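Participant: no sequence on this one, just coordinates:
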C-alpha cells in the first residue's frame, strides 16, 4: 500500500500546486517528504558532472520559461534539481530523478514527436477514450450535451458553455507521472519483481483512466446543473480524489491476490 500512498500524494501535490490550492499542495508534499525520510534509498553519490548538468537544466528552465509553469516545466526543473541533490546521496532525489526523467522522455516520445509530425496522439486519446464515452453516456441518461468539435463538449444546461478537454483534464499528465513513480520506486526504493511491476502498471493505468473518465463526467454534470463557476471549484481537486478512491481498493486486492 506504500506505493499507492506515494502515487496519491505525488499527484495530489502536483495538481494542487499547478491548478488548485497551494496550501493543499504543500500539505501533500510534506506528507510525501515524511514518507521518503523513512525509506532507505540507494544512498549512492553522483559525480560532479551531475551537479553541472543539473545546474544547466535548472538555469535553462528558469530563463526560457516565459509562458507560466506547466507540468513539463516542473518535471524538467525536477530533473535538474534531482541531479544536483543525488550528489549528496539523498534517497528522495534518486526517486524524483528517475520519475521526472521517465515523464520527460515519455512526454517527448508520445506528445512532442508525434505532434511535430502532425499527429496529436494524446488528443486522440482524450477525444475518443474520454470525451466521446462521457458524452454518449450522459446523452443516454437525458443530458443535453454533444461533441461540437475535437475534445470540445457543448453543455446546454443552466448556462450554455463549451468545455475544452485539455491534456491536464483527461489525465495524460497524471498517467505519465504515476507510471514514472512506480518505475522510480522499484529502481530506487524497494525492488519490485517483474510480475508485480507489470500488474501495478496495469492497475495504475486503469485507475487513472477510470478516475479521469468519472472526473470529466462529474464536471460536465455539475456545469450542466449548477453552472461553470461551481464546476471550476471542483475542477482542480476532484481528479486526484477519485484517483485515490479507485486506486486504494485496487492495490489492496492486488496485494491480497499475491500474498
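Facilitator: Here it is on my side, so go on. Note that the structure is predicted; figures quoted are calculated from it, not measured.

Participant: Which parts of this structure are strands?
Facilitator: Secondary structure of the chain (DSSP state E): strands at 145-149, 152-155, 161-164.

Participant: Just tell me which of those ends up closest to residue 88.
Facilitator: Among these, the nearest to residue 88 by C-beta to C-beta is strand 161-164 (43.5 Å). (C-beta placed from N, C-alpha, C; glycine too.)

Participant: The closest one pairs with which strands, parallel or anti?
Facilitator: strand 152-155 (antiparallel) (DSSP bridges).

Participant: tell me how far the partner strand is from the chain's mean position?
Facilitator: Centroid displacement of strand 152-155 relative to its chain, using C-alpha atoms, centre = their mean, to the nearest Å, is 24 Å.

Participant: I would like the residues contacting that strand, please.
Facilitator: The contact list for strand 152-155 (C-beta atoms under 8 Å, 6 or more residues apart in numbering) reads 131, 134-135, 144-148, 160-165, 216, 220, 223-224.

Participant: swap in stretch 74-85?
Facilitator: With contact meaning C-beta under 8 Å, 6+ apart, stretch 74-85 is reached by 14, 17-18, 46, 50-51, 53-58, 60-62, 92-94, 96-97, 99-101, 103-104, 107.

Participant: Drop anything exposed from those.
Facilitator: Neighbour-count burial (16 or more other C-beta atoms under 10 Å) applied to these gives 14, 17-18, 46, 50-51, 53-54, 57-58, 61, 92-94, 96-97, 99-101, 103-104, 107.

Participant: what sits against the closest residue to residue 4 other than its chain neighbours?
Facilitator: With sequence-adjacent residues excluded and distances taken as C-beta to C-beta, 6 or more residues apart in numbering, residue 4 is closest to residue 251, at 4.2 Å. Applying C-beta under 8 Å, 6+ apart, we find residue 251 in contact with 1, 3, 4, 200, 203.
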